[in-house]
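**Q** Next come a sequence and a model predicted from it.
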Amino acid sequence: MSEANPDRSRDYKRQLRLGDFRVDPGALVVQAGDQAIRLKPKAMAVLLELARQPGITVTREELLDRVWGNTFITPGVVGHAITALRRAFGDTLERPAYIETIPRIGYRLIATVEALDPPGNAAGDAVASPPLAADTSESGPASPQTANDAARLRRRPLLLAAIALAGIGTFVLLWWQARQTPDERALTERVLTVADVRRITFATGSENNPRLNAAGDWLVYTRAAQLGAKPELFLQSVYGTQANPLAEGDHAERPAWSPDGRRIAYVWRDKDQCEIRIANVDDDSRQTVQRCPKGSIVYLDWNPADAKIIAYSVMEPGENGRRLQLLIEQGGWRPKAFDYQRTGNGADLYPRYSPDGRTIAFRRGGNPTSDIYLLPAAGGSITRLTQVRATISGFDWLPDGSGLVFSSDHEGKQELYSIALSDRVIKPLGLTDASSPDIASRDWHMTYQMENWQSSLAEVPLRDGGTARLLAPSSGRDRRAAVTPDGQRIVFVSDRDGSMQLWSLDRATGRTERLTQHRGAQVDAPAMSPDGRRMLYVTRSRGRHELWEYRFEDESQQRIQVTPASMRNAIYARDGRSVWYVSWQGTHWALYRCARNPDGQCASTETALSALRVERGRVDGMDALLLSSPQTDGQLEIVAESNLRPLRRMPLPIGGVWTAVDDAIWYLRLPESGEADVSTLRAVSLRDGTTRTIASFPRLRPLGYTPFVVMPDRKSIILPTVTANSTDIAFARLVKPRGAP
């Protein structure tokens, strides 16, 4: 425990008004009318600590540290001091008017606090300064008058300089504002900014899924102590670092606060089970409110205006089209039909209620081509809010409901942006590698994940007992890969130099080099030509998606197609020159044929087939296209490449972690919660649908939803694996735009 702070003399010389009481810290007296009660010094010190941050919870550990310091005591002394304060104020534990107990955490002062003039001034006059300064200085008693005079003389030049600088700053500000057009000034005044950014979790492992309570002073989140460990729930004050476990022992994901801050809903998993549960903050009791499909991804949010309604969405493996759903508490929690506008068969995920509970924001579409939509909480028509078609990693409403903050990579990096409902202008907040923003519904406080993880390509042998080998490890994040037909060159996506670009690895020498330099763009989906001399890849920037080709012979790059809508992936046709690609055209995902002009550009034709992803395979000796279908959940449609004639349909074993190998689909099955930590590589025949197990991999940490590559000799696979994860949670204060109510 750290050194206790010495008594601050000015705190004990200032009198306070707490509710109906006058407090004289120097005399250790609490007085109401003619009745005065004298406190013990430690009880008064506890009161002063609470009064420094009225309305903010102070943990028991913080009080022990600040008031008792290194003194050897038991934690019960804090409770004794609180009891003495309640007795002095005539307060009760059940219905507090002065000090509220936050179960298992700490205490907060809920009475109004005013600082009063010291004796000698007009009695009882409140001063304009705050109740107590949150001062951390350790200065002793006041210095003699001569020292004060000398200090004033030393400060005078600094004061004059500060006044001069302030005048210059004001002149520059006025000059700059005068040069702005009216539209520019109006836009400047609408810009949301952040202040007081600080990290508030520090434990080893990773902290994720931060959610603030309505008042913005308490945080719930999940923590995994190490890679592969189950995440558990923790509660923490945003002003302290002591984390308190909640629902101990449960594998917990994606928590959400109840409106009164006494309960937390979360997703629980164990082996082949999945449930939505609610934990009580006061006594740690738990109840199951809804079961969810095995292996599904569940997002949920509690209606801040109605504690009897929870909105949630479920994404099952191999399924694409999912609706938002509701849970209603009516003598127990029950699902309720939720009727709202639907177009196509896209996935609606991640519901977030506005602070007044009247509107739901949600994400439509799978990453990396998602956007945010708005929906009345009672159902009905939807409105598209963003046009970024990017990876959206969380969003939340501003406290006044005027807009949202969201995490997106549409500018090339995952960072936070604000968007106003009035004009839909998107503005960066200057916080990169940031995701999962969450904002208090009654205060302008925000938390978010500070993404801090690493991934490297690993070559995993398919023989039993083989050990994975990292390829060209770095401190960055390596993602999707492709390999030349001879297996000597691996091209992969990585941000190891600060931006997401294509890199090449020579397997013989181990040498790596960057191939592309697209500024402000996200590079993805590399696909090798049959002869290994060229490569296709997709770039995404500001909602603009482009298809590029890289030539290894002369290290040249050529843009061959631009689409204002989303593009998922592209592959070379059997002739090695034409291209098949998948793109969104406003109402549906479609397969496109790209015939190359003499100059290399695409002459694109939309086919009658729909697809989320296209790959090439062989069926009965015939070249075939494999289309993951957005129309029929969990289905793979197989068509002849020559004339697009349907050959057959088969169940798609798993969402995105599959690849075509000859006449089979290879996919990686990851262990469920509670199972042995072993992943299995399986193959499904395109001819008859039979399944066989190829290999098993203990303690494999593949990067989620990223396809792997099978080496040409079929002896190993290449896939990105997570090598470290120390993601933390940050806290920031949102500063409202000038002129905002």
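**A** Good, I have the coordinates.

**Q** which SS class is G498?
**A** coil (DSSP: H, G, I helix; E, B strand; the rest coil).

**Q** Okay, it and L93: tell me how far apart.
**A** 54 Å (CB to CB, to the nearest Å). C-betas here are computed from N, CA, C, even on glycine.

**Q** what about these two, which has more around it?
**A** Shown here are G498 and L93; by other CB atoms under 10 Å, L93 has more neighbours (11 against 8).

**Q** Okay, and the more buried one sits in which element?
**A** Following DSSP states H and E, one finds L93 outside all helices and strands.

**Q** Now it: phi and psi?
**A** Note on L93: backbone dihedrals following degrees, to the nearest 10 are phi -70, psi -40.

**Q** So it sits against I82, correct?
**A** No - taking contacts as CB atoms under 8 Å, L93 lies outside contact range of I82: 9.1 Å.

**Q** what is in contact with these two at once?
**A** Counting by CB atoms under 8 Å, 6 or more residues apart in numbering, the residues touching both L93 and I82 are T101.

**Q** gap between R87 and A43?
**A** Where A43 is concerned, R87 sits at a distance of 10 Å (CB to CB).

**Q** So those two - more neighbours on which side?
**A** Between R87 and A43, counted using other CB under 10 Å, A43 has the larger neighbour count: 22 against 13.

**Q** What's the first helix or strand after the helix or strand hosting that one?
**A** Per DSSP H and E, A43 falls inside helix 41-52. Going down the chain from helix 41-52, the next helix or strand is strand 58-59, by DSSP H and E.

**Q** For that next one, name the packing helices and strands.
**A** strand 106-109 (3 or more CB pairs under 8 Å, 6 or more residues apart in numbering; DSSP states H and E).

**Q** what does the strand it packs on contact?
**A** Counting by CB under 8 Å, 6+ apart, residues outside strand 106-109 touching it are 18, 47, 50-51, 53-63, 82, 98-102, 217, 237.

**Q** same thing but at 6 Å, please
**A** L50, A51, P54, I56, T57, V58, T59, R60, I82, I99, E100, T101 (CB atoms under 6 Å, 6 or more residues apart in numbering).

**Q** Could you do stretch 493-512 as well?
**A** Counting by CB under 6 Å, 6+ apart, 471-472, 474, 476-480, 488, 490-492, 513-516, 522-523 sit against stretch 493-512.

**Q** for I82, helix, strand, or coil?
**A** Under three-state DSSP, I82 falls in the helix class.

**Q** Quick one: residues contacting it.
**A** Y107.

**Q** Next one: N208 from R342, what distance?
**A** For N208, the distance to R342 (CB to CB) stands at 30 Å.

**Q** For D663, give me phi and psi.
**A** In terms of degrees, to the nearest 10, the main-chain angles of D663 are phi -110, psi 30.

**Q** which of the contacts of strand 106-109 lies closest to L670?
**A** When these are compared for distance to L670 (CB to CB), T59 wins out at 37.8 Å.

**Q** which residues does the closest one bridge with?
**A** Using DSSP bridges, the bridge partners assigned to T59 are G106.

**Q** could you list every residue that touches it?
**A** Per CB under 6 Å, 6+ apart, neighbours of T59: I105, G106, S237, G240, Q242.

**Q** what about the closest residue to the third one other than its chain neighbours, neighbour count?
**A** By that I understand S237. Spatial nearest neighbour of S237, chain neighbours left out: T57 (5.2 Å); criterion: CB to CB, 6 or more residues apart in numbering. T57 has 23 neighbouring residues, counting by other CB under 10 Å.

**Q** before we move on, what about L18?
**A** 23.

**Q** Quick check: nearest residue in space to it, chain neighbours excluded?
**A** A111 (4.9 Å).

**Q** what ranges do the helices span in this structure?
**A** Along the chain, the stretches classed as helices by DSSP state H are 9-13, 41-52, 60-63, 76-89, 145-179, 182-189.

**Q** so what are the domain limits for this protein?
**A** 9-116, 189-452+727-735, 454-724 (automatic domain parsing).

**Q** Arrange those in a markdown table, one row each, with mean pLDDT as further columns.
**A** Formatted as a markdown table, the domains of the chain follow (pLDDT from 0 to 100):
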| stretch | mean pLDDT |
| --- | --- |
| domain 9-116 | 85 |
| domain 189-452+727-735 | 91 |
| domain 454-724 | 88 |
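
**Q** what sits against D20?
**A** Counting by CB under 6 Å, 6+ apart, D20 touches A32.

**Q** try L324
**A** Residues in contact with L324 (CB under 6 Å, 6+ apart) are S313, F338, D348, P351, F362.

**Q** out of the residues you listed, which are inside strands?
**A** Among those, the members falling in strands (DSSP state E) are S313, D348, P351, F362.

**Q** and which of the residues you listed is nearest L719?
**A** Of all those, S313 has the smallest distance to L719: 27.9 Å, by CB to CB.

**Q** Strands of the stretch 201-350 of the chain, residue ranges please.
**A** Counting by DSSP state E, counting those that start in this stretch, the stretch 201-350 of the chain has strands at residues 206-212, 218-224, 232-237, 243-246, 251-257, 263-270, 273-280, 286-291, 297-302, 309-315, 324-329, 333-336, 348-353.

**Q** tell me the centre residue of the protein?
**A** Central residue of the chain (CA atoms, centre = their mean): S436, 1.7 Å from the mean position.

**Q** Was I right to think G403 contacts I419?
**A** Yes - counting by CB atoms under 6 Å, G403 touches I419, with 5.4 Å between them.

**Q** Report the contact partners of the residue nearest to L18.
**A** Counting by CB under 6 Å, 6+ apart, A111 has contacts L18, G19, Y98.

**Q** Need those residues in JSON lines (columns: distance to K308).
**A** Output for those, formatted as JSON lines (distance: CB to CB, whole Å):
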{"residue": "L18", "distance to K308": "36"}
{"residue": "G19", "distance to K308": "34"}
{"residue": "Y98", "distance to K308": "32"}
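
**Q** Go through these and flag which are in strands.
**A** L18.

**Q** And the closest residue to D260 other than its chain neighbours, how far from G69?
**A** Nearest non-adjacent residue to D260, counting by CB to CB, 6+ apart: A307, 6.6 Å away. Plainly put, A307 is 42 Å away from G69 if you go by CB to CB.

**Q** same question, A279
**A** 34 Å.
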